[in-house]
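Enquirer: I need the structure of the sequence given here:
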Amino acid sequence: MSEEEPRGSHEGERLGPVPPVPAVATEDTGPLRRLVGLTTIDIGPLRRHRDYRLLFAGQACSFFGAMLTYVAIPYQVYQLTGSSLAVGLLSLAELVPLLFTAFIGGALADAVDRRRMLQFAELALAGVTVILLANSLLDEPKVWVLFVVAPLGAALDGFQRPALDSMVPRLVSRDELTAASALDSLRGEFGMIAGPAVGGVLIATIGLPATFGIDIATYGASVFALALMRAVPPPPDAVPPSVRSIAEGMKYAWSRQELLGSYGVDMVAMFFGMPMALFPAIATQYGGAEVLGLLYAAPSVGALVASLTSGWAVRVHRHGMAIIWAAAAWGLAIAVFGLVTNLLVALCFLGLAGAADMISGIFRGTLWNQTIPDRLRGRLAGIEQVSYSSGPLLGNLEAGIAAALFGVRASVVSGGVLCVVGVGLFALFLPAFRHYDTRRATTDNPP
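Expert: Numbering: from 1, shown residues only. The predicted model follows:
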């Protein structure tokens, strides 16, 4: 099969009995090279697939810019209101439209050219950021504009992510999905490190308007990269978007306990253990906007380390247990973060939390791509979008409410503890998820 031919999973085919082993881990290599193969990320999909390289590069640019705005909006809300609860309510405002558009976007991604759909979403998101820039130039920026524009951006994200997530299995081969999942996670974590860190500095130096302007420019780079890619048409057996087609996707997800487990454990972990709405308040205790960027970036530093050393992941077959342990580790690290008072130690535990979340994300992404037929990928990506977006958004709301009632530290610590308890209880009631083994996975029948 040529480099340019997209090779995704096919409905009805049994997946390979063993995930791919990095090329350096063969019998002909020495112990040192085998160790290197297990502790470094596999970049094979980038070397072998042009369209995947373009997608990777374009999304790296636009996601970096989006992370600038991700820090700027809650900072501006807190600056204008002085309330962590207001920051949490902003997350609730973003969740409501996302719940609708993720399902609609998923159905559309199964019925239209996914590349063009992603282009449209990127252009629309750039337009939303233009509004944020204009509001920040006012003598007295309006809080209500932020509470209108942020949900609009979330709604557009609901269209963007299903198209993006469902494209990757069409651009790489089936046995490269674990490596592609790690690379996609690496790209995201680079943005989540560089974006917030640079964003905090930009806000403190050149101000909010220029920060929003840089975000707008990064969307241009992404749209250009997408224009160089070939079309990604819908599967031959695609059905038009409708309520019935959305229901078909939900029915499939409900029939696969391993999918439900991957969604549910992540939602529980993020709902109880997501403290980001409290970062603006915590930053004021340590030094201000510059520290805010470090707090946002610290989890991604840990996640980046986990990504770069993810070669071992291809040898793990019990993906359900890997997700469970990683989610519990996230909660434990967050609880300790809430207890410590030294900034450096606090950043270290945020880094450990990010590493745990990254490990969970790699295995969730692989599990999803290995168990979902191509004709349903867009709709299931919409459900995935709801699961991994609603958890953090609701978690920020929960953290803001708990902080208003009991204080910032109590909110963080109790959230981390409840995360560990919740993950354990959730895993207990989903044995098929707990015992999920990729060596027995198929797109037709649960293992």
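
Enquirer: distance of the closest residue to residue 107 other than its chain neighbours from residue 380?
Expert: With CB to CB, 6 or more residues apart in numbering as the criterion, residue 107 has its nearest non-adjacent residue at 3.7 Å, and that residue is residue 241. In this view, the C-beta of every residue, glycine as well, is placed from N, C-alpha and C. The gap separating residue 241 from residue 380 is 14 Å, by CB to CB, to the nearest Å.

Enquirer: go on, residue 90?
Expert: Distance, residue 90 to residue 380, using CB to CB: 28 Å.

Enquirer: Likewise for residue 204?
Expert: For residue 204, the distance to residue 380 equals 41 Å [CB to CB].

Enquirer: Who has more neighbours out of the two?
Expert: Remark: of residue 204 and residue 380, residue 380 carries more neighbours, 27 against 15, as counted by other CB atoms under 10 Å.

Enquirer: in what helix or strand does the more buried one lie?
Expert: For residue 380, the element it lies in under DSSP states H and E is helix 377-406.

Enquirer: chain center to that helix: distance?
Expert: With CA atoms, centre = their mean, to the nearest Å as the basis, helix 377-406 stands 12 Å off its chain's centre.

Enquirer: Report the next helix or strand after it in sequence order.
Expert: helix 408-428.

Enquirer: buried stuff in that next one?
Expert: Neighbour counts over helix 408-428 (16 or more other CB atoms under 10 Å) mark 408-409, 411-420, 422-423, 426-427 as buried.

Enquirer: centre of the chain versus that helix, how much separation?
Expert: Its chain's average C-alpha position is 20 Å from that of helix 408-428, according to CA atoms, centre = their mean.

Enquirer: on contacts alone, who are the packing partners of that helix?
Expert: helix 257-273, helix 319-339, helix 377-406, helix 431-434 (3 or more CB pairs under 8 Å, 6 or more residues apart in numbering; DSSP states H and E).

Enquirer: what packs against the first one?
Expert: Applying 3+ CB pairs under 8 Å, 6+ apart, we find helix 257-273 packed against helix 243-255, helix 319-339, helix 343-371, helix 377-406, helix 408-428, helix 431-434.

Enquirer: what sits up against the first one?
Expert: Translated: helix 243-255. When contacts are defined by CB atoms under 8 Å, 6 or more residues apart in numbering, helix 243-255 is touched by residues 103-104, 106-107, 110-111, 239, 259-260, 263, 372, 376, 379-380, 382-383, 446.

Enquirer: then it to CSV, C-alphas only?
Expert: What follows is helix 243-255 as a C-alpha-only set of coordinates in CSV (Å, rounded to 0.1, in the frame of the first residue of the first chain):
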residue,chain,number,x,y,z
VAL,A,243,-31.9,12.4,14.7
ARG,A,244,-32.0,8.7,13.7
SER,A,245,-28.4,8.6,12.7
ILE,A,246,-27.4,10.3,16.0
ALA,A,247,-29.4,7.8,17.9
GLU,A,248,-27.7,5.0,16.0
GLY,A,249,-24.3,6.2,17.2
MET,A,250,-25.6,6.5,20.8
LYS,A,251,-27.0,3.0,20.6
TYR,A,252,-23.7,1.6,19.5
ALA,A,253,-21.8,3.4,22.3
TRP,A,254,-24.3,2.0,24.8
SER,A,255,-23.8,-1.5,23.5
